[in-house]
Each structure stands twice: as C-alpha cells, then as structure tokens.
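Visitor: just the structure for this:
(one chain, ligands or ions: 1)
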Amino acid sequence: MSTPPVIRAQDLLVGYGGEPVCAPVTFTLEPGSVLGLVGPNGSGKSTILRAVLGLLDPAGGTLEVFGAEVDERQVAYRTRVSSVLDDDAYFPALTVAEHLYLTARGHGVRGAQEVVDGILEEFGLAAHAASLPAALSSGQRRRLLLAAGFVRPRTLLVLDEPEQRLDRRMQDALAQRLRDERAAGGAVLLATHDPGLLRAVADAAVLVGDDESPLLSADEAADVIAQAPR
Ligand SMILES: Nc1ncnc2c1ncn2[C@@H]1O[C@H](COP(=O)(O)OP(=O)(O)OP(=O)(O)O)[C@@H](O)[C@H]1O
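Guide: Below is the predicted model of the structure:
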C-alpha cells in the first residue's frame, strides 16, 4: 500500500459559522517539501492552517493529514505535528531555557539539555536563556516560539508568518533551517507575506483568494506578493 501524502486537501472550504472565508483550496503536501499559503490580509491563510491543526472543522471538501481526518487529540497526530501560530503561546512563568527544555522533554527528546543548548545558540537566545518571556523583546519572543517549534520531533511543521518581527540575519537562518527540514524529509506548510522566504524555501504555493485559490510555483507566488498594490 502506498504511503498517503502528509496533507491532502481537495476542494477544502474553511470558515466560521459555516461561512467560507475563501474559495476552496486543493493541494497535496508530500514529505520533503514546503508549500506556501499566500494572499492579502484576511484572505484565509491562518484559517486554513487552523483547519489543518484541527482547531476548526472544515466547512466543506476533504482534508486528510497522514491519510486520515484531522483529530488533534490523537497521540499519533500530536507527536508528528509541530506548529508556530501567530500568537504568544509561551509559559509566562518559565525562563527561555526552561520553556524549551519542558517542550523537548514533553516530546520525549533524548539528550534534551544538549538539544536545547544547540537550539538556544541557533536562535540567538543563549544570552537570554535565564530570562522570562516578559523580559524579551518582541523579536526575541518570536525567536523563542520558533525555537520551541524546532526543539521537538515532527513530521509536519505548520508555520504562520514565521518571518514576523525577525531581523534579516534571523530570517536568513530560518530560511536555511527550513531548507534543512525539507532536505531531511520534513513537510512544511507555511503562510507568509515574504516573497524572499517563499523563493528561498517553497516548492509551490496556494494563492488564497475570494474567487479562486490556484496552486502556483513558488516564483509565481512570490511575484504576486511582490507586485501586490501597496
Ligand atoms: N475567530 C473568527 N471568527 C470569525 N471570523 C474570523 C475569525 N478569525 C478570522 N476571521 C475572519 O476570517 C477571515 C480570514 O482570516 P485569516 O486570519 O484566515 O486571514 P489571513 O489570510 O491569515 O490574514 P493575515 O494575512 O492578516 O494574517 C478574515 O475576514 C477574518 O476577519
């Protein structure tokens, strides 16, 4: 039997209260690939991500993750899916290092201390390891959330505008991290407004829209973002 794609969305409709927020989307995400979601503010990118994460039921069409309907309560789902959404989802009373260590240990990472030390370095947080989130800058808090997404095992990584609030250097490091993720066989679904990130890491992108949501190449989608009226 062939292995199902990581995500298969067929005429997937997402929305609130049964009202779709965008045209149906159709895409598959295979292991070792990166798919972008692009489109203007409010077009529905985060809503699609929420459906993939089981935070919202589809309003129509088909959505399968690892060959099954999404049930985020299942261990088999939770152990394989890491996400970083557009919110400040950290523990306010834990230091940066404690937060990452708890996340790593909670997901059964072996040699967690060593893994956390490496991630702290990579995300430029080593000097802030003993800081509470409230004592971080907004970009540093963003780095912490991303670091938590990468410190645990995963097959599918779901990111909502990961470039937000990152300086140029960290954006480049993130792009390299995502290329490594893809090369290692990971699958990544990311919503982004950054044409550079899309060109650097994505294999394709869905242009989320009201009337249609076509699947484009990464370069085509990056051009659409870059040429969007300001
Ligand atoms: N909880 C909610 N209840 C009802 N409507 C919502 C809710 N969250 C978002 N919406 C609406 O759904 C639409 C799509 O929002 P969504 O957050 O998916 O857009 P987006 O493409 O991610 O935008 P952005 O680029 O600004 O992050 C918007 O019109 C928004 O107002």
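Visitor: per-residue pLDDT, residue 76?
Guide: Model confidence at residue 76, given as pLDDT, is 88.
Visitor: can you report phi and psi for it?
Guide: The phi/psi pair for residue 76 (degrees, to the nearest 10) reads phi -60, psi -30.
Visitor: what's the separation between residue 87 and the ligand?
Guide: 11 Å (CB to the nearest ligand atom, to the nearest Å). The way it works is simple: take the backbone N, C-alpha and C, and place the C-beta from them, glycine included.
Visitor: I'd guess that residue is in a helix, am I close?
Guide: No. Looking at residue 87 with DSSP: H, G, I helix; E, B strand; the rest coil, it is coil, so not inside a helix.
Visitor: how many other residues sit next to it?
Guide: Residue 87 is flanked by 9 other residues according to other CB atoms under 10 Å.
Visitor: tell me which residue is most central in this protein.
Guide: residue 159 (1.5 Å; CA atoms, centre = their mean).
Visitor: scan this structure for its longest helix.
Guide: helix 168-183 (DSSP state H).
Visitor: what residues does the lowest-mean-pLDDT helix or strand in the chain touch?
Guide: Every helix and strand in the chain was compared by mean pLDDT, DSSP states H and E; the lowest is helix 75-78, with a mean of 90. If you take CB atoms under 8 Å, 6 or more residues apart in numbering as the criterion, helix 75-78 is touched by 54, 65-66, 70-72.
Visitor: filter these down to the ones in helices?
Guide: Of the contacts of helix 75-78, none are assigned to helices by DSSP H.
Visitor: which of those residues tops the neighbour count?
Guide: Result: residue 65 is most packed of these (other CB under 10 Å), 28 neighbours.
Visitor: excluding chain neighbours, what is closest to that residue?
Guide: Leaving aside its sequence neighbours, residue 65 sits nearest to residue 7 (CB to CB, 6 or more residues apart in numbering; 5.4 Å).
Visitor: the one you found: neighbour count?
Guide: Residue 7 has 22 nearby residues by other CB under 10 Å.
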